[in-house]
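Undergrad: Structure, please.
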Amino acid sequence: MKSYYAILSGENLSLALEELRAILEAELPESTLDLVLEGVALISSSPEAPRVILGRSSLVKEVGEVLGVAERGSLEELLNSLPHVLGGENVKVEVRRFKSYGEEIREDVVVKTLYSKGVKCSLEASTRLKLIASEGLVIAGISRGKLEFRELLSRKPSKRPYFKPGSLTPQLSRLLVNLSRLKRGSTFLDPFCGAGGLAIEACLMGAGTVICQDIDREASRGSHKNLSAYGCGGVALTVRGDATRTPIASGVVDAIATDPPYGRLTSTGGRDYSEIVLGFLGEAARVARRGSYIVYAGPHHYSPWRLALEAGLEVVGRHHMFVHGSLTREIVVARV
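TA: Numbers count the residues shown, from 1 in each chain. Below you'll find the model as predicted:
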């Protein structure tokens, strides 16, 4: 086990931290979350942690190996320890501050100090030595990779063969799938799949079977085209059906994540959001394996989390995400 830092997206720190926890639970269960600071978390995990976390994440921006941690007043002592740890490696020094923490740490002074101690520093070096300042601590570490936003953007809804207005972004789709604790080789279900955004992300994250269900005939056909375009035809099953009466056997689904219809760009067939979600949750609880997670979203003024309680589920997470002036989305993480 090694110590790693994970830099969290400032867009929504609570969701970023929840996503990190979910990834660890799904793929690195022996890991521990050791410390949470403003914008950064420290974990103990196996050597494959950077690859696994960055390969799945949407809100974890960078992962690196921790070389040392010191209180702000002990920065010199921390720098003194680095030459031995780095072993003559050429590094590029980067200072990352969260809020007003670490304002006194100057990158040029750090470089001069390390250089005087025999550490080779260069702007062209491929190895990035990070000094991360947050809440009175300074973390020194070697970056092991960053989140590839371009790869996520390459799958934005407008670039797919079938486009449906109101589709979630790949980043948000991946977040919801991660919160469902999807494991590689397991079965994933999105009963309101629309254009198939969540199903695509589940497939690319290693699901063994992806069930993409929607009551709309056009969406069902369109999602099939989209899944095929991303090489998911071998694992994906597109189904036309009502999420409140899903044609799936009981206890066979390992993870469920979805975005039930709400807002101007979606159709609810004359049914109220609460009515639809309660029906969906009842069916989701039936088809899901015991202990699995159900993740869904809705307008916060509907109190979506109360619907999970009404359906007999355990609510383990509630997160608010501002969308625009008339909509704040609540993401609910429930367990069967």
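
Undergrad: Quick check: Ile331 is in a helix.
TA: No: in this structure, Ile331 is strand, not part of a helix, as judged by DSSP: H, G, I helix; E, B strand; the rest coil.

Undergrad: who's in contact with the closest residue to it other than its chain neighbours?
TA: Distance criterion Cβ to Cβ, 6 or more residues apart in numbering; nearest residue to Ile331, sequence neighbours excluded, is His319 at 4.6 Å. C-beta: built from backbone N, CA, C; applies to glycine. Contact partners of His319, counting by Cβ atoms under 8 Å, 6 or more residues apart in numbering, are 12, 14-15, 18, 330-331, 333.

Undergrad: how many neighbours does Ser223 have?
TA: Using other Cβ atoms under 10 Å, Ser223 has 30 neighbouring residues.

Undergrad: Next: the one 5 residues further on.
TA: Burial of Ser228 is recorded as 15 neighbouring residues (other Cβ under 10 Å).

Undergrad: Report the distance from the helix or strand encompassing Glu94 to the chain centre.
TA: For Glu94, the enclosing helix or strand under DSSP states H and E is strand 91-97. In this view, strand 91-97 has its centroid 25 Å away from the chain centroid, taken as Cα atoms, centre = their mean, to the nearest Å.

Undergrad: Flag every buried residue along it.
TA: Within strand 91-97, the residues that qualify as buried are 91-93, 95-97, counting by 16 or more other Cβ atoms under 10 Å.

Undergrad: in what helix or strand does Leu129 lie?
TA: In this structure, Leu129 is located in strand 127-134 according to DSSP H and E.

Undergrad: Tell me which residues of that strand come out buried.
TA: Buried residues in strand 127-134 (16+ other Cβ under 10 Å): 128-134.

Undergrad: And the strands in the stretch 1-150 of the chain?
TA: For the stretch 1-150 of the chain, applying DSSP state E, counting those that start in this stretch gives strands covering 2-8, 32-37, 40-45, 60-71, 91-97, 127-134, 137-146.

Undergrad: what's the third one packed up against?
TA: In terms of contacts (3 or more Cβ pairs under 8 Å, 6 or more residues apart in numbering; DSSP states H and E), strand 40-45 is packed against strand 2-8, helix 13-27, strand 32-37.

Undergrad: List just the one of these that sits closest to Ile200.
TA: Closest to Ile200 of these, according to Cβ to Cβ: helix 13-27, at 17.7 Å.

Undergrad: Let me see the contact set for the nearest residue to Leu131 once chain neighbours are set aside.
TA: Closest residue in space to Leu131, ignoring its immediate chain neighbours: Val95 at 4.9 Å, by Cβ to Cβ, 6+ apart. Shown in contact with Val95 (Cβ under 8 Å, 6+ apart): 102, 105-107, 110, 130-131, 133.

Undergrad: one step back: ranking the helices and strands packed on strand 40-45 by burial, who's on top?
TA: strand 2-8 (a mean of 23; mean count of other Cβ atoms under 10 Å).

Undergrad: Neighbouring strands of it in the sheet, and parallel or not?
TA: Here strand 2-8 has these sheet partners by DSSP bridges: strand 40-45 (antiparallel), strand 60-71 (antiparallel).

Undergrad: got the CA coordinates for that strand in PDB?
TA: The C-alpha trace of strand 2-8 is given here as PDB (Å, rounded to 0.1, in the frame of the first residue of the first chain):
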ATOM      1  CA  LYS A   2       1.200   3.500  -0.900                       C
ATOM      2  CA  SER A   3       0.000   7.000   0.000                       C
ATOM      3  CA  TYR A   4      -1.600   9.000  -2.800                       C
ATOM      4  CA  TYR A   5      -3.100  12.500  -3.100                       C
ATOM      5  CA  ALA A   6      -6.300  13.100  -5.200                       C
ATOM      6  CA  ILE A   7      -7.000  16.600  -6.300                       C
ATOM      7  CA  LEU A   8     -10.800  17.100  -6.400                       C
END
